[in-house]
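Q: coordinates for the following, if possible.
(4 chains)
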Protein chains: 2
Amino acid sequence: MEMSRDLPKAPAASIPDVFDPTCSSRHALELIASKWAMLIISALEEGPMRNAALMRRLGDVSQKMLTQTLKELERNGLVIREDRKTVPPHVVYSLSPVGRSLSETLLVLDRWAETHFGALDAARERYDAERGK
Amino acid sequence: MEMSRDLPKAPAASIPDVFDPTCSSRHALELIASKWAMLIISALEEGPMRNAALMRRLGDVSQKMLTQTLKELERNGLVIREDRKTVPPHVVYSLSPVGRSLSETLLVLDRWAETHFGALDAARERYDAERGK
DNA sequence: TTCCATAGTTACCAAAAGGTGCGTAATTGC
DNA sequence: GCAATTACGCACCTTTTGGTAACTATGGAA
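A: Next up is the predicted model:
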């Protein structure tokens, strides 16, 4: 426990702040600021799922993006990947506790989208009508 | 109020569902699933701001992306742009009521990121250590 | 006269996101 | 022997995102 006498540059164990570009909470935000990450987390909130089930639930995700996004979420500890190492493959994805804490907020966001998308559509139409086509 | 006798194709005024690729609530989600949109909305929650103030608050956004993102948010009715048409220019951005309803949820997300980014960092380090670096 | 300030725009470029299609492994059922 | 199954990996391509730098307008200050 170093008691350094002067901390000329250190931001004093700086308070976490998403507005601080050097704070890695930014990275956390950018991780979920992705088209598929949000939906995958929300989907897994309904329970553990296999690859094919997730594809069906998300509707139009490509195999590549699903795998890729799941890998990133697993890497960051939000999703748990259980590979039963059988042939044919049997892999089950589920939320970690941290992932579950996030899914609650994301479901609120989903509900916001489902509630207000009409207002957005209307605003967009109005904007495009008067301003540029 | 047309009482059509049969609706063979119409999804019965389908319940809004972010998992439905044809539901424009998807578009609403994707709008905010952007690095800067989330932060801009959160920043404007602190009050109306001018271009320069937003740049300072966000720390590392480029002028181009700030303008571009603000324009999209304005187009979708989340942000209000007030141009006083003076020289030098004086433009004030603020949240619309719909934008404000969103910002509440986004602030929860910000706080989630600020709370859990440490866990994500640790998980990432572990993952990279054992699996491919 | 020349410079500054503000909030842009535009052209140009690099990087990342995202899609399609093909190959793969080992076991089960035909 | 042969096909189907499942969850990928890889190569190739297009689109979107994002960054830098240069240019714009105009009234007031130096």
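Q: alpha carbons only for contacts and neighbour counts from here, please
A: Fine.
Q: now do the SS call for A:Ile80.
A: Judged by DSSP: H, G, I helix; E, B strand; the rest coil, the three-state class of A:Ile80 is strand.
Q: can you give me the distance of it to DNA strand D?
A: Per C-alpha to the nearest atom of the strand, to the nearest Å, A:Ile80 is found 11 Å from DNA strand D.
Q: could you list the buried residues of the biggest helix by length in chain A?
A: Longest helix in chain A by number of residues (criterion: DSSP state H): helix A:97-130. Across helix A:97-130, burial judged by 16 or more other C-alpha atoms under 10 Å in any protein chain shown covers A:98-100, A:102-103, A:105-110, A:112-114, A:116-117, A:119-121, A:123-124, A:127.
Q: and it, is it in reach of DNA strand C?
A: No. Helix A:97-130 lies apart from DNA strand C when judged by C-alpha under 7 Å from any atom of the strand; the minimum separation is 14.0 Å.
Q: packing partners for that helix?
A: Where contact means 3 or more C-alpha pairs under 8 Å, 6 or more residues apart in numbering or on different chains; DSSP states H and E, helix A:97-130 is packed against helix A:35-44, helix B:25-32, helix B:63-75, helix B:97-130.
Q: now the residue nearest in space to the middle of chain A. Nearest residue, chain neighbours left out?
A: The structure's chain A has its C-alpha centroid closest to A:Ile32; by C-alpha atoms, centre = their mean the separation is 2.8 Å. Distances taken as C-alpha to C-alpha, 6 or more residues apart in numbering or on different chains place A:Met38 nearest to A:Ile32, at 5.8 Å, with adjacent residues excluded.
Q: next: A:Leu58.
A: Leaving out its chain neighbours, A:Leu58 is closest to B:Phe19 (C-alpha to C-alpha, 6+ apart), at 5.5 Å.
Q: same check on A:Ile41?
A: Sequence neighbours aside, A:Ser103 is the residue nearest to A:Ile41 in space, at 5.9 Å (criterion: C-alpha to C-alpha, 6+ apart).
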